[in-house]
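Chemist: Sequence first, predicted coordinates after that:
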Amino acid sequence: MSDTTIELNNVAKRYWLRRGWYVTSIKDEVGRLTARLLRRQVIPREEFWALKDITFSLKRGEVLGLVGPNGAGKSTLLKILSRVTVPTSGSFVVNGRLGALIEIGAGFHPELTGRENIALNGVILGMSRKEIQSKFDRIVAFAELERFIDTPIKHYSSGMQMRLGFAVAAHTDPDVLLIDEILAVGDASFQAKCANKIAELKEQDKTIILCSHNMSNITDHAKSVLWVDGGRVRMIGETGAVLDAYLEHVTAAVNAEAENAHKEEASAGEGLASIHQVVTLNEAEQPQARFDRGDRVLIDITYSASQPLPGAVFGVSVQDIQGYPLGGVVTDPDSVKITSPVERAVLRLTLDPILFNRGAYTLNVHIAEPTVKRTYDLKRRVARIAVDGPRATDRETSGHVYYPHRWESLR
Amino acid sequence: MFDTIRTAYQHRELILSFAVRDIKARYKQTALGVAWSILQPLSMMLVFTLVFSLFAKIPSDGIPYPVFAYSALTFWTFFSNTISGGTMAMTANNALIRKIYFPRETLLLSVLLAGLLDLAIASMLFVGMSLYYKMTLTAAVLWVIPLLALQMILAFGVISVTSAAHVHFRDIGHALPLLIQLWMFATPVAYPISVIPHWLKPLYLLNPMAPIIDGYRRAIILGMRPDLEALAVSALITLTLTVTALAIFKRAERTFADVI
């Protein structure tokens, strides 16, 4: 048996852009045809390469993470692999039974009951009726829908439909599994369940392509990562290296965007006070944006106020690259008092030491009157820091926050 | 063609599942449910009897007109329902087509299969009518089987093209009811084939449905075999059309997910 389960050779996919992505009416087509017959200019149509020069292969048991911005071609790639659409050029091979967790529950019919939909969806996904019957109880148990299994699924909540969809798809027993961003949906317990199922499939030597915007999902499961951008392979290789490069790239983009936003919309607050500049510095008070975990980081906030703001507090909060808040600190209402108009002043926050794990982080800074919930000024993503340190994939650390710790053997 | 037969066999469970889904979903939240399978041809029969027999005095070859009309209408209703259902089969399942791979022709075959159930139910009324009019069936009724097979092959050919075309041009959906109606009047459903002028008959029999519908009537009511000569022409046209249509469908199928 061949060890290579997925192989792509120069796969490309072209779409035509013209009044939407496709021919919309006979009128259009007739118009084009007569124009061509009369040798007049043909209504131009623009081509769009959703994918170009995609070449890679995967061995049995490998898990590949697929990352890239929206519209990079990730979904098109999965569609080609699952044979929903054909590539414009190039060739590909998928050895073994293929399962896809792409928009799970696509085959559901709202009028049919959960039971009927399991039967229907299972057959659509390639199971035999016998197989479905033998797995039926397990599917229902996994979806936790025992009580509602004879209810038409139009009465299900979207979460219930999703659980049912995932339960059916996860029990198709594929050799190759394509997963598209399903882990981002559903509540926490459902997400945990999905993650467990993926780990289980991984142990069974299944080949998996996992597409996600959630980097920790990727680092949890994938050994290698393919980064696509603009329909091309930007980078492929070991998870840590590719994700680092990818996050670096995304942060730069986020910063550029933040800068533009900064210019357009000077302040998200009321303008009684404004934050002019936020600079991160090293111990030697030199501006610096790259730190090692454990470094002392100084954050200088330059601000002004047009009138006395006695109740004002300052706050700095940190987000990860996806904007997920990691924590924030605010000043004591009595420690920094703006008792008269301030033309220009600097407030320094010292993080000693910085205890974030390797990654890129952005800072939000605000001046506010917390008791009456007025924000005088708020600057989002006003500064960015990158922290070096052991890679999350090295398993020495996980998550964003590092705990000072020690291990001891007792007795 | 043989590929399709193989695909159909391999995916027989899928075809059956789609058919079951369509039947179940169709009658959910309806008060009359399966009775609609009878009501559709029955109401047409009543209207036809009133208009064509009572008002227009169309001959019916000596057969009581209600029986004459209903024998053709059950099969015609099956035909027109499969054509309209099959034409929409791809677009109605666009969520599936955009996301999951499976042989697309299974959707067409499931429409034919689901239609057979309606046909069976509608035929039960015919049994009642034949008792009422004291008709007797002969062995000639077995001709229904090849006639039905031919009709289904024809319907499959037609919907292979129309369903693929409907993916690109929703215009088809608007034109279809009209076309089906025209086709019905070009077929001996409301009137006997004997009223067609002699000079027009060769042209008339190019409609592959004409000898089929006429054949049902001969086999069931008159206990005769169909007009085999006309039927051979019909079969030739049907097979040519269906093989061509299937090739078109298989070609078009590749881009369904991009266009739909």
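Modeler: Received, thanks. Residues are numbered from 1 along each chain as shown, chains lettered A, B, ... in the order given.
Chemist: any idea how far the closest residue to residue A:105 other than its chain neighbours lies from chain B?
Modeler: Among residues not flanking residue A:105 along the chain, residue A:165 sits closest, at 2.9 Å (CB to CB, 6 or more residues apart in numbering or on different chains). Heads up, the C-betas are built off the backbone N, CA and C, glycines and all. Distance, residue A:165 to chain B, using CB to the nearest CB, to the nearest Å: 11 Å.
Chemist: which stretches of the stretch 1-150 of chain B form helices?
Modeler: B:2-10, B:12-27, B:36-48, B:65-87, B:89-92, B:94-99, B:105-132, B:144-168 (DSSP state H, counting those that start in this stretch).
Chemist: Low-confidence regions, the stretch 251-400 of chain A specifically.
Modeler: Confidence mapping of the stretch 251-400 of chain A against pLDDT under 70 gives the ranges A:251, A:254-270, A:372, A:390-397.
Chemist: Now do the strands in it.
Modeler: Counting by DSSP state E, counting those that start in this stretch, the stretch 251-400 of chain A has strands at residues A:273-281, A:290-292, A:297-305, A:313-319, A:325-330, A:342-351, A:359-369, A:374-388.
Chemist: Save those strands as CSV, and put in mean neighbour count and distance to residue A:232 too.
Modeler: Below are those laid out as CSV (neighbours: other CB atoms under 10 Å in any protein chain shown; distance: least, CB to CB, whole Å):
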stretch, mean neighbour count, distance to residue A:232
strand A:273-281, 19, 34
strand A:290-292, 15, 29
strand A:297-305, 19, 37
strand A:313-319, 19, 29
strand A:325-330, 12, 33
strand A:342-351, 13, 39
strand A:359-369, 22, 23
strand A:374-388, 20, 26
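Chemist: Quick one: mean pLDDT for stretch B:174-183?
Modeler: For stretch B:174-183, the mean pLDDT works out to 94.
Chemist: so which helix or strand takes in the closest residue to residue A:93 other than its chain neighbours?
Modeler: Using CB to CB, 6+ apart and skipping the chain neighbours, the partner closest in space to residue A:93 is residue A:7 (4.7 Å). Secondary structure from DSSP states H and E places residue A:7 in strand A:4-17.
Chemist: Show me what that strand is packed against.
Modeler: Contact partners of strand A:4-17 among helices and strands, from 3 or more CB pairs under 8 Å, 6 or more residues apart in numbering or on different chains; DSSP states H and E: strand A:46-59, helix A:74-81, strand A:89-94, strand A:207-211.
Chemist: Could you measure from residue B:225 over to chain A?
Modeler: Relative to chain A, and taking CB to the nearest CB, residue B:225 is found at 40 Å.
Chemist: Hmm, residue B:139 and that residue touching each other?
Modeler: No: in this structure, residue B:225 is not within contact of residue B:139 by CB atoms under 8 Å, at 10.0 Å.
Chemist: more neighbours, the two?
Modeler: residue B:225 (13 against 8; other CB atoms under 10 Å in any protein chain shown).
Chemist: Can you read off the pLDDT for the more buried one?
Modeler: The score at residue B:225 is 92. That number is its pLDDT.
Chemist: Give me the secondary structure label for it.
Modeler: For residue B:225, the assignment made with DSSP: H, G, I helix; E, B strand; the rest coil gives coil.
Chemist: gap between it and residue B:154?
Modeler: Per CB to CB, to the nearest Å, residue B:225 is found 20 Å from residue B:154.
Chemist: picking up where we left off before, export the strand holding residue A:7 to PDB, keeping only CA atoms.
Modeler: Extracted C-alpha coordinates of strand A:4-17, given in PDB (Å, rounded to 0.1, in the frame of the first residue of the first chain):
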ATOM      1  CA  THR A   4       1.200   8.800   0.200                       C
ATOM      2  CA  THR A   5      -2.400   9.600   0.700                       C
ATOM      3  CA  ILE A   6      -2.700  13.000  -0.900                       C
ATOM      4  CA  GLU A   7      -0.700  14.400  -3.700                       C
ATOM      5  CA  LEU A   8      -1.300  17.600  -5.700                       C
ATOM      6  CA  ASN A   9       0.600  18.600  -8.700                       C
ATOM      7  CA  ASN A  10       0.400  22.200  -9.900                       C
ATOM      8  CA  VAL A  11      -3.300  22.400  -9.100                       C
ATOM      9  CA  ALA A  12      -4.900  25.600 -10.200                       C
ATOM     10  CA  LYS A  13      -8.500  26.800 -10.200                       C
ATOM     11  CA  ARG A  14      -9.800  29.700 -12.300                       C
ATOM     12  CA  TYR A  15     -13.100  31.500 -11.900                       C
ATOM     13  CA  TRP A  16     -14.600  34.000 -14.200                       C
ATOM     14  CA  LEU A  17     -15.500  37.400 -12.700                       C
END
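Chemist: got the buried residues for that strand?
Modeler: By 16 or more other CB atoms under 10 Å in any protein chain shown, the buried positions in strand A:4-17 come out as A:5-8, A:11-13, A:15.
Chemist: could you dump the helices of the stretch 1-150 of chain B to a markdown table with distance to chain A and mean neighbour count?
Modeler: Conversion of those to a markdown table gives the following (distance: least, CB to the nearest CB, whole Å; neighbours: other CB atoms under 10 Å in any protein chain shown):
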| stretch | distance to chain A | mean neighbour count |
| --- | --- | --- |
| helix B:2-10 | 11 | 12 |
| helix B:12-27 | 4 | 20 |
| helix B:36-48 | 16 | 18 |
| helix B:65-87 | 15 | 24 |
| helix B:89-92 | 11 | 20 |
| helix B:94-99 | 4 | 19 |
| helix B:105-132 | 9 | 19 |
| helix B:144-168 | 6 | 21 |
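Chemist: how about those in a markdown table, adding mean pLDDT and distance to residue A:242?
Modeler: Formatted as a markdown table, these follow (pLDDT from 0 to 100; distance: least, CB to CB, whole Å):
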| stretch | mean pLDDT | distance to residue A:242 |
| --- | --- | --- |
| helix B:2-10 | 87 | 40 |
| helix B:12-27 | 90 | 39 |
| helix B:36-48 | 89 | 58 |
| helix B:65-87 | 94 | 47 |
| helix B:89-92 | 93 | 39 |
| helix B:94-99 | 87 | 27 |
| helix B:105-132 | 92 | 40 |
| helix B:144-168 | 96 | 38 |
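Chemist: is it true that residue A:154 lies in a helix?
Modeler: Yes: assignment of residue A:154 by three-state DSSP places it within a helix.
Chemist: Could you check how many residues crowd around residue A:240?
Modeler: By other CB under 10 Å, 17 other residues sit near residue A:240.
Chemist: re earlier: contacting residues around the residue nearest to residue A:93?
Modeler: A:56-58, A:92-93 (CB atoms under 8 Å, 6 or more residues apart in numbering or on different chains).
Chemist: of all those, which two lie farthest apart?
Modeler: Greatest spatial distance in these: A:56 and A:93, 12.0 Å, computed using CB to CB.
Chemist: Compare the two and say which is more crowded by neighbours.
Modeler: residue A:56 (16 against 12).
Chemist: distance of the more buried one from residue A:5?
Modeler: From residue A:56 to residue A:5 the distance is 12 Å (CB to CB).
Chemist: same thing with residue B:230?
Modeler: Separation of residue B:230 from residue A:5 (CB to CB) stands at 56 Å.
Chemist: residue nearest the centroid of the chain?
Modeler: By default, I'm working from chain A. residue A:213 (1.5 Å; CA atoms, centre = their mean).
Chemist: that's the other chain; I wanted chain B
Modeler: residue B:79 (1.2 Å).
Chemist: which one is residue A:358 nearest to, not counting chain neighbours?
Modeler: Nearest residue to residue A:358, sequence neighbours excluded (CB to CB, 6+ apart): residue A:389, at 4.2 Å.
Chemist: which residues does the residue of the stretch 101-250 of chain B found nearest chain A contact?
Modeler: The stretch 101-250 of chain B approaches chain A most closely through residue B:101 (4.0 Å), counting by CB to the nearest CB. The contact partners of residue B:101, taken as CB under 8 Å, 6+ apart, are A:82-84.
Chemist: Need the buried ones from the residues you listed selected in PyMOL.
Modeler: Selecting only the buried entries of the contacts of residue B:101 in PyMOL, with 16+ other CB under 10 Å as the criterion:
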select buried, chain A and resi 82+84
